[in-house]
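Trainee: sharing a sequence plus its predicted fold:
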Amino acid sequence: MDKEEFYQSQKWKHKRAVILRRDMYLCQHCKRYGRTKQATTVHHIKHLDEYPELAFANDNLVSLCAAC
């Protein structure tokens, strides 16, 4: 499965929603610096290309705003 297929899959869409809810729809990077910005994406901390086994691991996913 290529990246585009991965990010369009139902499994990813469900995991993305779970992570955004977990992080209360707030950018976790901005939050560390006392700023409140709405998260719009879920990012892999350890990149999907290099660590495909962590693709759905909660502790490898973080909610971020568009700027971050």
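Mentor: Looks like it came in fine.

Trainee: so where do the helices sit in the chain?
Mentor: For the chain, the helices defined by DSSP state H occupy 3-8, 10-22, 28-32.

Trainee: distance-wise, check the residue nearest the centre of the chain relative to residue 27.
Mentor: Of all residues in the chain, the one closest to the mean position by Cα atoms, centre = their mean is residue 42, 1.8 Å from it. According to Cβ to Cβ, to the nearest Å, residue 42 and residue 27 sit 11 Å apart. (Each C-beta comes from the backbone N, C-alpha and C, glycine too.)

Trainee: list residues touching both of these two?
Mentor: 63-64 (Cβ atoms under 8 Å, 6 or more residues apart in numbering).

Trainee: hmm, residue 67 is touching residue 37, no?
Mentor: Yes. Counting by Cβ atoms under 8 Å, residue 37 is a contact partner of residue 67 at 7.3 Å.

Trainee: between these two, which one's more packed in?
Mentor: The neighbour comparison of residue 67 against residue 37 (other Cβ atoms under 10 Å) goes to residue 37, with 17 against 9.
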